[in-house]
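S.K.: Sequence and predicted structure, then a few things I'm wondering about:
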Amino acid sequence: MMDPIFDPHDVPDIPLEDRGYGYLVGTELFLIRHGQSMTNVFENLMAYDPNLTALGWAQALRVGAYMAQEHPVDVVVSSPLRRAHSTALAVAHAQGLEVITMAGLEEFFAPFYDEMPLHHPTRPWWGRSGWTPTPEGAPGFTAFRDRVLAALAEILERWAGKRICVVSHGGSMGVITAAMVGSQQLSVWQHNTGISHFLWPEWKRWMVMYINRREHLLDLNEADYPHPPETEPVGNGFYRIPEGLIQSWSDLPAHPQLAFLSNRLRRTDRILFIQPPDPLTPLRVSLRSRTAVILSDDLQLLEAGELRRAVLNANHIRYQYLFLPLPYPNAYFDYVVIPEECRQVGEEEIARVAKETAGAIRYRA
């Protein structure tokens with residue numbers, strides 16, 4: 001007997017087209033979890049919004065190249081958090097797209113397992129699944145679930161009929177996956193840069209193509225991306241940051257030709273470092289700036305800098321992979337700092353993102 005609440009006329013009229021599946025297809029939804037993040041590795045790192053490790057960046061670049069070759073999309077939507085947005089940049093850049101950030105896709109920040117009874121399906125070995133979380137029984141979880149599902153509803157409505165890639169987090173993807181398969185009681189483990197694919201075919205019901213696909217990582221050797229040497233392995237793939245790694249900003253050294261920037265920058269300034277000489281100089285000299293972006297294709301440098309940024313809780317600083325063209329608006333930065341011998345970024349691109357020509361600072365590395 002059909003559910004009396006369900007009205008078949010409520011099914012949205014999603015545009016369909018032939019994409020080579022053997023049947024007409026409307027909306028396609030790809031879910032990608034972010035690459036390995038600092039808090040996935042460093043057990044004593046307390047950071048609100050950590051970025052990727054060197055391995056995480058490598059994973060992001062791999063999934064970006066894979067998606068561009070195997071599954072080109074129309075739009076890339078990301079959680080605003082660094083680890084997801086950095087991964088989304090790799091996916092979007094490989095396809096000539098821009099990342100659209102959407103609030104609501106963020107990960108939860110406090111565990112809510114204490115709200116769940118022992119028979120909740122995240123603990124399936126207790127053998128019961130007849131409980132459904134409610135705002136009264138599990139207020140934290142249902143608030144998180146409702147936030148994520150509201151973002152999902154907006155995404156599916158705004159880009160109906162399009163190929164959509166959503167880059168977010170394990171918990172967010174678990175909620176979305178449960179919704180896509182019509183379940184309120186489903187727990188799904190998502191690996192870093194694992195891909196899940198759902199589509200809306202001509203017979204008008206969501207179809208699961210695959211969950212947590214990772215062949216883009218098959219030939220990725222994790223040993224090629226070591227963590228900073230001062231960090232300490234503690235087993236099971238985790239590391240610790242030594243106590244007193246940074247006592248204060250004044251402990252950080254700066255390249256002698258760039259130390260003067262520490263006193264020049266104003267609180268309102270934005271500064272861009274391209275291929276910096278080390279991971280520490282940008283941290284030291286950009287203390288007073290409003291926004292500092294550090295671009296490099298040296299993945300170990302990005303991790304070493306991000307480790308210290310997270311320890312300092314310097315939220316105005318962002319270490320980022322060097323994607324070209326630069327994913328920033330025209331005249332966005334007050335200063336652009338680049339080595340004289342660096343020719344990866346052309347003068348026109350530097351002039352585009354700098355407010356004034358005098359804001360471009362070249363130095364001998």
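M.R.: Nice, thanks for sending it over.
S.K.: okay, residue 13: pLDDT?
M.R.: At residue 13, the predicted lDDT confidence score is 85.
S.K.: meant to ask about residue 10, not that
M.R.: At residue 10 the predicted local confidence, pLDDT, stands at 69.
S.K.: Show me the domain layout of the chain.
M.R.: Structural domains of the chain, as assigned by automatic domain parsing, span the residue ranges 13-217, 249-363.
S.K.: quick one: which of these is nearest residue 234?
M.R.: Counting by C-beta to C-beta, residue 234 lies closest to domain 13-217 out of the domains of the chain; the figure is 6.6 Å. Every C-beta, even on glycine, is put in place using the N, C-alpha and C of the backbone.
S.K.: What is the distance between that closest one and the centre of its chain?
M.R.: For domain 13-217, the distance from its own C-alpha centre to the chain's C-alpha centre is 11 Å (C-alpha atoms, centre = their mean, to the nearest Å).
S.K.: can you give me the helices in the stretch 251-365 of the chain?
M.R.: Residue ranges of the helices in the stretch 251-365 of the chain, as given by DSSP state H, counting those that start in this stretch, are 261-264, 281-285, 299-312, 347-353.
S.K.: JSON lines for these, including mean pLDDT, mean neighbour count and distance to residue 144?
M.R.: Listed next are the helices of the stretch 251-365 of the chain as JSON lines, based on pLDDT from 0 to 100; neighbours: other C-beta atoms under 10 Å; distance: least, C-beta to C-beta, whole Å:
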{"stretch": "helix 261-264", "mean pLDDT": "90", "mean neighbour count": "15", "distance to residue 144": "41"}
{"stretch": "helix 281-285", "mean pLDDT": "94", "mean neighbour count": "25", "distance to residue 144": "33"}
{"stretch": "helix 299-312", "mean pLDDT": "94", "mean neighbour count": "23", "distance to residue 144": "23"}
{"stretch": "helix 347-353", "mean pLDDT": "94", "mean neighbour count": "15", "distance to residue 144": "37"}
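S.K.: Using TSV, lay out those helices together with distance to residue 101.
M.R.: Output for these, formatted as TSV (distance: least, C-beta to C-beta, whole Å):
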stretch	distance to residue 101
helix 261-264	29
helix 281-285	23
helix 299-312	19
helix 347-353	19
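S.K.: Any idea which of those helices gets closest to residue 133?
M.R.: Sorting those by C-beta to C-beta, the top spot, which is the nearest, belongs to helix 299-312 at 32.2 Å.
S.K.: That closest one packs against which elements?
M.R.: Helices and strands touching helix 299-312, by 3 or more C-beta pairs under 8 Å, 6 or more residues apart in numbering; DSSP states H and E, are helix 54-70, helix 281-285, strand 291-296, strand 317-321.
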